[in-house]
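S.K.: 3D model of this:
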Amino acid sequence: MKVEDFDFNLPEELIAQTPLAERTESRLMVLDKETGKVTHEVFKHITSFLQQGDCLVLNDTKVMPARLYGVKTETGAKIEVLLLKQEDGDRWETLIKPAKRIKKGSQITFGDGRLSAVCIDEKEHGGRILEFSYEGIFYEVLDELGEMPLPPYIKEQLRERDRYQTVFAKERGSAAAPTAGLHFTEELLEDIRKMGVHIAFLTLHVGLGTFRPVSVDTIEEHEMHAEFYHVSEETARLIQKVKDEGGRIISVGTTSTRTLETVARDHDGRIEAASGWTDIFIYPGFKFQAIDGMITNFHLPMSTLIMLVSALAGKEHVMNAYNEAVKEKYRFFSFGDAMLIK
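M.R.: Here you go, the predicted structure:
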């Protein structure tokens, strides 16, 4: 299957640069995966499409302020560091810009010396393993010195840091937000609970590979990045109970979807408590075992995310819906509008 089959024309002005004042005021496109029919709504009316006995599954990962600006101790050259993954203790896998300035043994200082790091290993594509030194608690220092690592297509400065965080974010570890969850408020979640809809939480720490373009010609050649996930005993029991009783499992976001389908694949179609790393790649032809529907944002042309959505709703239905979204001037990507596939 050709990657270019998932291309579409996206005017740059439709890429949302800032969040709306109210989370639930985003537009909502509802796509029927069987017929391809599209209807237009507002996100706060998502309750109209949920029913008693359904289960909404949300990703409670928390975005770290993972972008740091420092200087190379030896020369004073400005260095940008993006924390990707904690390796061991104070050692982190990072992405460095400009990477050519940082070699094994190089030192970087941040925030007038409150935080420092030494490069202990070099990886490809600008990757470096850094070992940090500091006084106090690392995450408290990071909260003071770090910035939210907004995706590369967002050029505007984020004024309120918590707007790139879901209201239910709890488990720190993501380099990017699970953006389908940004549309929910505590009040909306409470309204959904009162309807008799179950709400379950799992964790998948989003890596920057989410934004990596597909650089091969055919989908089958692409290799996905691995991301850490955790599904608790409580969440697994609830989701499996809903499935056994005939309720719908509606995942919020591609991250929740990838987690649930990984667990179902590894446990003969059942949802069981599990933790680990997943590099599952979902594209048309994939047989879903865990979910019945999904809430998601509008994604990049030719991205693995639009391929995942197409696997659930059918490529033709999705491409038609995306063309209508462009025509109707929906807002795209992280701070953009939402789609419900039912």
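
S.K.: what about M307, which helix or strand?
M.R.: helix 304-313 (DSSP states H and E).

S.K.: what does that helix contact?
M.R.: By C-beta atoms under 8 Å, 6 or more residues apart in numbering, the residues outside helix 304-313 that reach it are 6, 31, 33, 36, 210, 214, 219, 222, 224, 254, 257-258, 281-286, 288, 291, 294, 296, 299-300, 318-319, 321-322, 339, 341. Yep, even glycine has a C-beta here, placed from its N, CA and C like the rest.

S.K.: kindly report the same for stretch 254-266.
M.R.: With C-beta under 8 Å, 6+ apart, stretch 254-266 has contacts from 57-59, 61, 178, 180, 202-204, 206, 227, 229, 231, 236, 239, 249, 251, 270-272, 274, 276, 278, 280, 282, 286, 288-291, 294, 296, 305, 308-309, 312.

S.K.: restricted to helices, list these.
M.R.: Counting by DSSP state H, the part of the contacts of stretch 254-266 found in helices is 236, 239, 305, 308-309, 312.

S.K.: among those residues, show me the least confident.
M.R.: Ranked by pLDDT, those bottom out at L305 (94).

S.K.: what's the spacing between that one and F201?
M.R.: 21 Å (C-beta to C-beta, to the nearest Å).

S.K.: can you pick the most crowded of the ones in helices among the contacts of stretch 254-266?
M.R.: V309 (30 neighbours; other C-beta atoms under 10 Å).

S.K.: please report how far it lies from N9.
M.R.: If you measure V309 against N9 using C-beta to C-beta, the figure is 18 Å.

S.K.: quick check: next helix or strand after the helix holding M307?
M.R.: Trace forward from helix 304-313 with DSSP H and E and the next one is helix 315-327.

S.K.: in that next one, what's buried?
M.R.: 315, 317-319, 321-322, 325-326 (16 or more other C-beta atoms under 10 Å).

S.K.: can I get those in a markdown table including distance to L83 and pLDDT?
M.R.: Output for those, formatted as a markdown table (distance: C-beta to C-beta, whole Å; pLDDT from 0 to 100):
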| residue | distance to L83 | pLDDT |
| --- | --- | --- |
| K315 | 36 | 97 |
| H317 | 38 | 98 |
| V318 | 33 | 98 |
| M319 | 36 | 97 |
| A321 | 36 | 98 |
| Y322 | 33 | 98 |
| A325 | 33 | 98 |
| V326 | 35 | 98 |
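
S.K.: before we move on, back to that, from the contacts of helix 304-313, keep the buried residues only.
M.R.: Buried members of the contacts of helix 304-313, counted by 16+ other C-beta under 10 Å: 6, 31, 33, 210, 214, 219, 222, 224, 254, 257-258, 281-284, 286, 288, 291, 294, 296, 299-300, 318-319, 321-322, 339, 341.

S.K.: follow-up on the earlier one: in strands, which of the contacts of helix 304-313 fall?
M.R.: 31, 294, 296, 339, 341 (DSSP state E).

S.K.: a markdown table for the residues you listed, including distance to Q51 and pLDDT?
M.R.: Below are these laid out as a markdown table (distance: C-beta to C-beta, whole Å; pLDDT from 0 to 100):
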| residue | distance to Q51 | pLDDT |
| --- | --- | --- |
| L31 | 17 | 98 |
| M294 | 16 | 98 |
| T296 | 20 | 98 |
| M339 | 19 | 98 |
| I341 | 16 | 98 |
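
S.K.: can I get the helix holding M307 as CSV, trimmed to CA atoms?
M.R.: The C-alpha coordinates for helix 304-313 follow below in CSV (Å, rounded to 0.1, in the frame of the first residue of the first chain):
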residue,chain,number,x,y,z
THR,A,304,0.9,6.9,10.6
LEU,A,305,-2.0,8.4,12.6
ILE,A,306,-4.2,9.0,9.5
MET,A,307,-3.3,5.4,8.5
LEU,A,308,-4.6,4.1,11.9
VAL,A,309,-7.8,6.1,11.6
SER,A,310,-8.3,4.7,8.0
ALA,A,311,-7.8,1.2,9.4
LEU,A,312,-10.8,1.7,11.7
ALA,A,313,-13.2,3.6,9.4
